[in-house]
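Colleague: coordinates only, no sequence provided:
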């Protein structure tokens with residue numbers, strides 16, 4: 001039997017992700033077009049948050065430039081999603097989900113400081129949103 005032990009930060013992040021996913025589903029059931037635009041705004045906010053976390057951390061020059069590049073790619077995907085369609089929202093959420101995975105304390109890949117619950121919340125939510133839009137193609 002596989003037993004997974006989650007830290008308190010992961011538990012909070014998972015609970016917040018579940019609440020966010022429920023809100024996402026309800027919003028899409030009530031007004032899909034408006035919900036799509038809201039998802040694009042959230043993706044653009046993720047770009048800004050990515051850059052803000054890096055700017056507020058003591059990181060190497062390489063990691064700072066990497067975070068800046070990720071932030072730019074996510075922001076561009078948000079803009080393209082509005083103009084060219086939903087495949088770009090899939091790309092943007094996947095890029096951000098991978099960034100979150102790299103910043104999870106379990107992997108110790110990146111040193112950018114984030115709230116302890118943030119990587120789990122965003123990673124779960126981002127993968128869900130990317131899968132949702134990918135499955136709608």
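Modeller: Okay, I see it. Source: prediction; values computed, not measured.
Colleague: all contacts plus neighbour counts: C-alpha atoms, from now on.
Modeller: Will do.
Colleague: what ranges do the helices span in the protein?
Modeller: 8-30, 32-55, 61-84, 87-102, 118-135 (DSSP state H).
Colleague: just those: most buried one?
Modeller: helix 87-102 (a mean of 22; mean count of other Cα atoms under 10 Å).
Colleague: output the contacting helices and strands for it.
Modeller: Here helix 87-102 touches helix 32-55, helix 61-84, helix 118-135, going by 3 or more Cα pairs under 8 Å, 6 or more residues apart in numbering; DSSP states H and E.
Colleague: residues in contact with the last one?
Modeller: Counting by Cα atoms under 8 Å, 6 or more residues apart in numbering, the neighbours of helix 118-135 from elsewhere in the structure are 9-10, 12-18, 20-21, 86-87, 89-91, 93-94, 96-98, 100-101, 103-104.
Colleague: circling back to that earlier point, format the helices of the chain as a markdown table; extra columns: distance to residue 110 and mean pLDDT.
Modeller: Formatted as a markdown table, these follow (distance: least, Cα to Cα, whole Å; pLDDT from 0 to 100):
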| stretch | distance to residue 110 | mean pLDDT |
| --- | --- | --- |
| helix 8-30 | 17 | 93 |
| helix 32-55 | 10 | 92 |
| helix 61-84 | 7 | 92 |
| helix 87-102 | 6 | 93 |
| helix 118-135 | 12 | 94 |
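Colleague: between the ones you listed, which one is nearest to residue 112?
Modeller: Nearest of the helices of the chain to residue 112, taken as Cα to Cα: helix 32-55 at 5.5 Å.
Colleague: that closest one vs helix 61-84, what angle?
Modeller: 170 degrees (axes from the mean of the first three to the mean of the last three Cα atoms, to 10 degrees).
Colleague: tilt between helix 32-55 and helix 118-135?
Modeller: 140 degrees.
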